[in-house]
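**Student:** only geometry, no sequence info:
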């Protein structure tokens, strides 16, 4: 099985080195160079491990990881940083990171830590299924499965549904959903469009409108 790694690192020479190193070890690697792009990738694709630089432009690594954890992204994370004080490590771990490595780092140590995180991923097979109540979202296949025929979703439809299902009692504003799921969108209209798509595929109660506020998870 090929494990997928997302590298979010703004030092592009270092990012290229990490991609070459990890691909040489058999990983499938995507790399982006700012926090907003990292947020979009992690919400719309499935990764086994996240490698995040702490000092990212746009959204820093700590804030990025906090946002991902709030939306139900459970992939283990290794945070890289040039600021390796005890306080920095504590803040990084408290944000949801499983491991923390200071720069400059030893390549063999980095690879060993990644292998350890991958083993954690393999032990949690249910992380690929998100509970929707009666049905479940298969994140990898982008299928809603369970009661009735399977329903295929696009990447963005699946990402929107996963975000809502991650905190089913919370009401998300349109701005929040646009930022978390559609980071490259200029207006909130894209949120309304994809809510309409989900309702068409899963039923009118799949996403509930809270008038004047936004949307929350409904009944699938």
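**Tutor:** Yes, it's here. All figures in this text were calculated on a predicted structure; none of them were measured in a lab. Numbers count the residues shown, from 1 in each chain.
**Student:** list the buried residues of the helix or strand residue 23 falls within.
**Tutor:** Using DSSP states H and E, residue 23 maps to helix 12-24. Buried residues in helix 12-24, counting neighbours by 16 or more other CB atoms under 10 Å, are found at 14-15, 18-19, 21-22. Placement of C-beta: from N, CA and C, glycine included.
**Student:** any idea how far residue 175 lies from residue 35?
**Tutor:** 17 Å (CB to CB, to the nearest Å).
**Student:** could you point out which element follows the helix or strand of the chain with the lowest mean pLDDT?
**Tutor:** Ranked by mean pLDDT, DSSP states H and E, the helix or strand of the chain with the weakest confidence is helix 86-94, at a mean of 69. For helix 86-94, the following helix or strand on the C-terminal side (DSSP H and E) is strand 99-102.
**Student:** helices of the chain, residue ranges please.
**Tutor:** 12-24, 35-44, 61-70, 86-94, 107-122, 155-166, 174-181, 189-202 (DSSP state H).
**Student:** dump the ones you listed to a markdown table, plus distance to residue 6.
**Tutor:** Output for these, formatted as a markdown table (distance: least, CB to CB, whole Å):
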| stretch | distance to residue 6 |
| --- | --- |
| helix 12-24 | 11 |
| helix 35-44 | 6 |
| helix 61-70 | 10 |
| helix 86-94 | 17 |
| helix 107-122 | 12 |
| helix 155-166 | 14 |
| helix 174-181 | 16 |
| helix 189-202 | 22 |
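**Student:** compare these and say which comes out lowest on pLDDT.
**Tutor:** Per-stretch mean pLDDT for the helices of the chain is lowest at helix 86-94 (a mean of 69).
**Student:** and the spatially most central residue of the chain, what does it touch?
**Tutor:** Taking CA atoms, centre = their mean, the centroid of the chain lies closest to residue 42, which sits 3.1 Å from it. By CB atoms under 8 Å, 6 or more residues apart in numbering, residue 42 lies in contact with 6, 50, 68, 73, 75.
**Student:** residue 180 versus the third one, what's the distance?
**Tutor:** When distances are taken as CB to CB, residue 68 and residue 180 turn out to be 9 Å apart.
**Student:** name the residues contacting each of those two.
**Tutor:** With CB under 8 Å, 6+ apart, residue 68 and residue 180 have common neighbours 39, 43.
**Student:** okay, now the domains of the protein?
**Tutor:** 4-123, 128-217 (automatic domain parsing).
**Student:** and the contacts of stretch 161-171?
**Tutor:** Contacts to stretch 161-171, defined as CB under 8 Å, 6+ apart, come from residues 43, 70-72, 130-133, 137, 139, 144, 153, 172, 177, 180-181, 198, 202, 206-207, 210, 213-217.
**Student:** among the residues you listed, name the buried ones.
**Tutor:** 43, 71-72, 130, 132, 137, 139, 144, 153, 172, 177, 180-181, 198, 202, 206-207, 214-217.
**Student:** the residues you listed in strands, which ones?
**Tutor:** 130, 137, 144, 172, 207, 214-217 (DSSP state E).
**Student:** before we move on, the earlier item: could you list the residues in contact with the helix holding residue 23?
**Tutor:** Residues outside helix 12-24 that contact it (CB under 8 Å, 6+ apart) are 5, 7, 9, 29, 31, 33, 51, 107, 110-111, 114.
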